[in-house]
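J.: show me how the following folds:
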Amino acid sequence: MLSIIICSISPEFQKQVVENFTQTVGCEHEFIIFDNREPRYGLCKVYNLCAQKAKYPYLCFAHEDIVIVTKDWGRKLISHIQNDSSIGAIGVAGIGFVSERRKPSTPRAAAFFRVKHIDKHTGRRANIWRPNRKEGLFRVATIDGQFIFTTKKVWSEFPFDEAQFTHFHLYDLDFSMQVNTRYKVMASTELDVTHFSFGTYNDTHRAFYQKFIEKWQHRLPLLQMPDNATPTQIIKVFAHDIINHIRDGNFNLAKRSFQHLQHHLARPAWRLALDCLVQTPTVLLSTLRH
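T.: Have a look, this model is predicted:
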């Protein structure tokens, strides 16, 4: 039922992930593994090539440097999509907000993660589980590429954009933005995942982030949060965004962000401004930065 697609540059990690997924996936599956050590294609191209070969209706695009402790995760995620045809993609780390800002930053109030990070070189560790120790599916705007669960039908409608995203960055956010034009994108905190990386944020990443913002400018800022998101959560998200725009000296974008907050919460402008001020200390202390 499930085609697991992996772009590999490490035989050691490849062996580890195949053994782990085989033991934990809990459903009929196949592996489609692309050895990318020599061609070094961008992930969009690799994933599109592999998805074309998939024989099953469900697809899982996964990094090779992750392991999943949770048993029967494949069966669980398939059941979510079978029970709700409006779901287009599920990840294990997601963000409910995309800013117009050309520097990536994550409002904690919009973060839906359950991932243990371990740096394979330094041994640095971090455990992220938000909302705190709550298992479930949460609607988000984008999901992280370490794990993307979708269907072959959705991928055929929205293949990865290999024309614009030719490297290893932003393919995941772009795919999410494509999918959420028609379907819901969800983050699951039901899977216990360890990722042996903190990601790479360098000049190349910044260049592709600029390209991502330019492509999706017409839809930004974008808030896609769970239906039970509270007004306080939404205020914290926009307060974070407004503060960052002011820091950057982009007062027009700060104003636009405030206007979008007004659109989401029908309150007088003076009341929303006061609410943002009240939340500012919390936002400054708790924001995750990337």
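
J.: ok, which stretches of the chain are helices?
T.: Secondary structure of the chain by DSSP state H: the helices cover 11-24, 43-53, 73-83, 152-157, 171-179, 203-216, 231-248, 251-264, 269-286.

J.: just want the angle from the last one to helix 251-264.
T.: Angular relation of helix 269-286 and helix 251-264 on a 0 to 180 degree scale: 110 degrees, by axes from the mean of the first three to the mean of the last three CA atoms, to 10 degrees.

J.: what packs against helix 269-286?
T.: Contacts defined by 3 or more CB pairs under 8 Å, 6 or more residues apart in numbering; DSSP states H and E place helix 269-286 against helix 231-248, helix 251-264. C-beta: built from backbone N, CA, C; applies to glycine.

J.: can you add distance to residue 12, mean pLDDT and mean neighbour count and give these back as TSV?
T.: Formatted as TSV, the helices and strands packed on helix 269-286 follow (distance: least, CB to CB, whole Å; pLDDT from 0 to 100; neighbours: other CB atoms under 10 Å):
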stretch	distance to residue 12	mean pLDDT	mean neighbour count
helix 231-248	39	95	21
helix 251-264	44	96	16
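
J.: okay, these in TSV with distance to residue 33 next?
T.: Putting those into TSV (distance: least, CB to CB, whole Å) gives the following:
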stretch	distance to residue 33
helix 231-248	38
helix 251-264	42
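
J.: which one, of those, ends up nearest to residue 277?
T.: helix 231-248 (8.3 Å; CB to CB).

J.: tilt between that closest one and helix 251-264?
T.: 170 degrees.

J.: contacting residues around helix 231-248?
T.: 96-97, 99, 101, 103, 105, 107-110, 221, 223, 225, 251, 253-254, 257-258, 260-261, 264-265, 272, 275-276, 279-280, 282-284, 287 (CB atoms under 8 Å, 6 or more residues apart in numbering).

J.: separate out the buried members of these.
T.: 96-97, 99, 101, 105, 107-110, 221, 223, 225, 253-254, 257-258, 260-261, 264, 272, 275-276, 279, 283, 287 (16 or more other CB atoms under 10 Å).

J.: related to what we said a few turns ago, the helices of the chain: which one's closest to residue 119?
T.: With respect to residue 119, and counting by CB to CB, the nearest of the helices of the chain is helix 11-24 at 13.8 Å.

J.: what lies in contact with that closest one?
T.: 4, 6, 8, 29, 31, 33, 62, 64-73, 196.

J.: buried residues in that helix?
T.: Within helix 11-24, the residues scored as buried using 16+ other CB under 10 Å are 13-14, 16-18, 21, 24.

J.: would you turn the residues you listed into TSV with pLDDT and distance to residue 179?
T.: Formatted as TSV, those follow (pLDDT from 0 to 100; distance: CB to CB, whole Å):
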residue	pLDDT	distance to residue 179
13	94	27
14	95	27
16	96	29
17	97	24
18	97	27
21	98	23
24	98	25
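
J.: related to what we said a few turns ago, relative to residue 182, which of the helices and strands packed on helix 269-286 is closest?
T.: With CB to CB as the yardstick, what comes closest out of the helices and strands packed on helix 269-286 is helix 251-264 (21.3 Å).

J.: which one of the helices of the chain lies closest to residue 116?
T.: For the helices of the chain, the distance to residue 116 is smallest for helix 11-24, at 13.7 Å, taking CB to CB.

J.: the residue nearest the centre of the chain: what's it in contact with?
T.: Most central in the chain under CA atoms, centre = their mean is residue 143, positioned 1.5 Å from the mean C-alpha point. The neighbours of residue 143, taking CB under 8 Å, 6+ apart as the test, are 89-94, 172, 176, 185-187.

J.: quick one: low-confidence ranges for this protein?
T.: For the chain, the stretches with pLDDT under 70 are 286-290.

J.: quick one on the thing from earlier: out of the contacts of helix 11-24, which sit inside strands?
T.: Residues of these located in strands (DSSP state E): 4, 6, 8, 29, 31, 33, 62, 66-68.

J.: list just the nearest of those to residue 213.
T.: Using CB to CB, the ones in strands among the contacts of helix 11-24 come closest to residue 213 at residue 62, 26.3 Å.

J.: the residue lying closest to the closest one once chain neighbours are set aside: how many residues sit nearby?
T.: Once flanking residues are discounted, residue 62 sits nearest to residue 147: 5.2 Å by CB to CB, 6 or more residues apart in numbering. Residue 147: 24 surrounding residues under other CB atoms under 10 Å.
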